[in-house]
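Chemist: could you work out the structure for the sequence below:
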Amino acid sequence: MEKISDNWLFTPSWDEGFKKAEKVRLPHTVSETPLHYADSNDYQMVSGYRRTLVLNEEDKTKRLFLLFEGAAHIATIYFNGKELFQHRCGYTSFRVEITEYAKVGENEILVKLDSRENSSIPPFGFVIDYLTYGGLYRDVFLDRRSSTYISDLFIKTPTLTSLQVDYTLDGKESGTILSEILDSKGNVLFSSSSDSLTFKKDGLNVSPWSPSSPTLYTLRSTLIIDGKAVDQREDTFGFRTVSFKGKDFILNGEKFFFYGLNRHQCWPYIGYAAPERMQREDARTLKYELGCNTVRTSHYPQSRYFIDECDRIGLLVFTEIPGWQHIGDEDWKKTAIQNTEEMVLQYRNHPSIFLWGVRINESLDDDDFYRRTNEVAHTLDPTRPTSGVRYLEKSSLLEDAYAFNDFSHKGDNKGAKDRKHVLKEKDKPLFISEANGHMFPTKAYDNWARRQEHALRHARVLNDAMADGGHTGCLEWCMADYATHKDFGSGDRVCYHGVLDSFRNPKDAAYMWRSQGESEEVIHVSSSMDIGDYDGGLRGKVWIFTNASSVKVKKNGKEISTISSSPFKSLPHGPMAFSDIIGNQLETEEGYSKAKANIVKECLNAAAEKGFQNLGIKYLLKLLWCSLRYGLSFSDGVELYGKYVSLWGGESTKWEFVGVWNGKEGKKVTLFPSSSLSLAIFTDTDTLYEGDGYDETLIRLRAIDDNGNVAPYAMLPVTVEAEGPVTIVGPKVVVLEGGMGGVIIKTNGRCGKGKVHFTFNGKESEVEFIVKEKK
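Modeler: Coordinates of the predicted model:
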């Protein structure tokens, strides 16, 4: 297929025509939206896209199709003045045949695009807790095919060593299909030629696809008519089996607990309109930066590039039809059923997708409607189970697994509800499809206690879901902060529900997830240990998110503690707590209230001898308790107490938290008041590509102190300038929030060396990109 994502004209008003149209490249959003205070009215319009398509004599011997991968939300397609097709879903792709109306030379493609929130189609009809944007926000292709061609195929792997392929031909002729299985190096492992439209092979010497070992193969299918190869396609797939058995999820014949996060497909400024690199990077972030083995594509099917990358890296996907709580009239339901059909047909050859979501997210029961969506999914794909996300307890279960949005955790109770309170069926699988989120929204610039509690709530839910034996998976809410309608979110219309901010920078909760993985050393401390962040200067429990076997705690260079246990026993790597152990014991002992005034003077004298001149009574009583509990003199009590805490009025303390892996010290966190800040710049690549369509990358920015830690209270501006073949998307001045922010950079049609300059805190820095022509 030929990508035709360049040289489009765009008009924000279909009625006004293209006299004042601007030249655009796809993916394209009808209106850039700000990071804060985005307004859905800005993208709700009936716009137009136009492109000239030049065809040659050879093209006229082919059947010609236009493939639109994503057009939000009602797209009417015209070709050479003829209305050909209308598609009524912004989240699935569609094909339009233009053969009959095509001519040699210039042809005109017109797209009338209605991105208003039209109540006649999903997900619309009532309020929605996310923005739906507008535009031709995915790529468009020209597909040249023979008069008879392979229009569809379905790859099934009944076992880990067997393959069945069902072919569909479009055309009047019949022929032979050559089926070849290729490994990742292009070697042909097996080939078979048959007149049948079904190909089967058992006993193949292949490796299975799994999250830990995502082995992929390619099926090359060639249609041969009268001895001539007239059509060929290649489809990537993996050998894997999925099912639910009783209360368990079975992957490749073994019980498997899936866990991860929900993902919205949006970014600041560009909304949905992100090209291939950005889509793939989100998948890699979920897998490698957040330690997930599963993602839910809430609340709609997402980019093919994103799913392709999930296939490649081994990230399981639960995908679902578009919708949010509302169920419309019968015509609306028919559209939802059509959405179900399109979703299954377009994504069923992806090994990463293990579960179809066939209910409207968080909707009420509608048995007649959901029997039909289930039937469509099971008929088109009998190899995968179905589910549907609900907040209802003991609702009508027509699917194969009960997906429950469990928002019961409030910080001081169990992380997950017992299954007996959630579903009626005793032998059906249950998994958490959302948790936390709106129950505890957390900004990157919130105080340490809230950021820490946000992370702990994610840990409690995941831990308890893993521990209770009643859940087969846990998918929490959500990957990143996202813009929403005025009815939801904070006053700036942002839902701060993510473990990452909108630019994919990590909050504390991200480190909880990241520490569950094994691919790298992870250690993160939830506090800066600065006493000014604590009431009375007293630190409570400080949590360490790490995959180390133990953590050594050093104060001013002296080791004072080694921590090796966690109360989160069911997590692969539970958070570890460090605390002022003596102070905590005193707070709970009766001795605190019984201390006598006649010994305060003695404590004062002992403290003065040690250099502590301005201690309050509460601190002195802690010193007293320390001495009594451990049988020490008051003077020694002062020294022991000072070992664990930095007293108000004393010098600042240097803390070091050193992770130990396999008996050896590794990565560490150093906490000490910093004298300066610098800008850390994170990019996923230094090479971008120009082709038919632009390339784009997200640059993540963080203000860091002298010890490499993010400065969470740095609300400082960063000035950004670009030169050469790269352009800045969005504002040229970025204000860091919680010490973090981001910039989106895109190519502008040229190749060569590009630079992006940053000015922060009086210091300048830059990053370079090489833009190459895509072959």
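
Chemist: can you give me the helices in this protein?
Modeler: Counting by DSSP state H, the segments of the chain that form helices are 276-284, 304-313, 330-347, 367-380, 448-467, 508-514, 581-588, 591-594, 600-609, 617-630, 634-644.

Chemist: where does pLDDT dip in the stretch 51-200 of the chain?
Modeler: By pLDDT under 70, the stretch 51-200 of the chain contains no weakly predicted segment.

Chemist: ok, now which ones touch the residue nearest to Phe190 when sequence neighbours are not counted?
Modeler: Spatial nearest neighbour of Phe190, excluding adjacent residues (CB to CB, 6 or more residues apart in numbering): Ile181 at 4.6 Å. The C-beta positions use only the backbone N, C-alpha and C, and glycine is treated the same way. Contacts here follow CB atoms under 8 Å, 6 or more residues apart in numbering; on that basis Ile181 touches 163, 188-191, 201, 204, 206, 217-220.

Chemist: mind checking which of those land in strands?
Modeler: Members of these lying in strands (criterion: DSSP state E): 163, 188-191, 201, 217-220.

Chemist: tell me how many other residues surround the residue nearest to Gly328 when sequence neighbours are not counted.
Modeler: Among residues not flanking Gly328 along the chain, Gly125 sits closest, at 4.7 Å (CB to CB, 6+ apart). As a burial measure, Gly125 scores 20 neighbours (other CB atoms under 10 Å).

Chemist: so Gly125 sits against Thr335, correct?
Modeler: No. Assessed by CB atoms under 8 Å, Gly125 is found out of contact with Thr335, at 10.9 Å.

Chemist: number of residues surrounding Tyr445?
Modeler: With other CB under 10 Å as criterion, Tyr445 counts 18.

Chemist: what's the closest non-adjacent residue to it?
Modeler: According to CB to CB, 6+ apart, the nearest residue to Tyr445 is Gly738 (3.6 Å).

Chemist: Gly730 touches Pro268, doesn't it?
Modeler: Yes. Counting by CB under 8 Å, Gly730 does reach Pro268; the two are 6.5 Å apart.

Chemist: out of the two, which sits in the busier spot?
Modeler: Neighbours were counted for Gly730 and for Pro268 using other CB under 10 Å; Pro268 has more, 27 against 19.

Chemist: not counting its neighbours along the chain, what's nearest that one?
Modeler: In space, and not counting its chain neighbours, Pro268 is closest to Leu35: 4.6 Å by CB to CB, 6+ apart.

Chemist: how far away is that neighbour from Lys112?
Modeler: For Leu35, the distance to Lys112 equals 30 Å [CB to CB, to the nearest Å].

Chemist: phi, psi of the residue nearest to Phe672 when sequence neighbours are not counted?
Modeler: Counting by CB to CB, 6+ apart, Phe672 lies nearest to Lys654, which is 4.3 Å off, once chain neighbours are set aside. For Lys654, the backbone dihedrals (degrees, to the nearest 10) come out as phi -100, psi 120.

Chemist: Lys654 contacts Pro673, doesn't it?
Modeler: No. Counting by CB under 8 Å, Lys654 stays clear of Pro673, with 9.0 Å between them.

Chemist: contact partners for the closest residue in space to Leu286 that isn't next to it in sequence?
Modeler: Setting aside the residues directly before and after it, Leu286 is nearest to Cys292 in space (CB to CB, 6+ apart), at 4.7 Å. Residues near Cys292 by CB under 8 Å, 6+ apart: 259-261, 286, 315, 513.

Chemist: do that again at 6 Å, thanks
Modeler: Going by CB atoms under 6 Å, 6 or more residues apart in numbering, Cys292 touches 260-261, 286.

Chemist: dump those residues into CSV; add pLDDT and neighbour count as well.
Modeler: What follows is these, written out as CSV (pLDDT from 0 to 100; neighbours: other CB atoms under 10 Å):
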residue, pLDDT, neighbour count
Gly260, 98, 27
Leu261, 98, 27
Leu286, 98, 26
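
Chemist: from these, which is closest to Tyr496?
Modeler: Leu261 (14.7 Å; CB to CB).

Chemist: the nearest residue to the closest one once chain neighbours are set aside: neighbour count?
Modeler: Nearest residue to Leu261 in three dimensions, chain neighbours excluded: Met479, at 4.6 Å (CB to CB, 6+ apart). As a burial measure, Met479 scores 26 neighbours (other CB under 10 Å).

Chemist: same question, Gly411
Modeler: When neighbours are counted by other CB under 10 Å, Gly411 comes out with 11.

Chemist: how about the closest residue in space to Trp655 that isn't next to it in sequence, what does it touch?
Modeler: Leaving out its chain neighbours, the residue that sits closest to Trp655 by CB to CB, 6+ apart is Leu671, at 4.3 Å. By CB under 6 Å, 6+ apart, Leu671 lies in contact with 528-529, 655.
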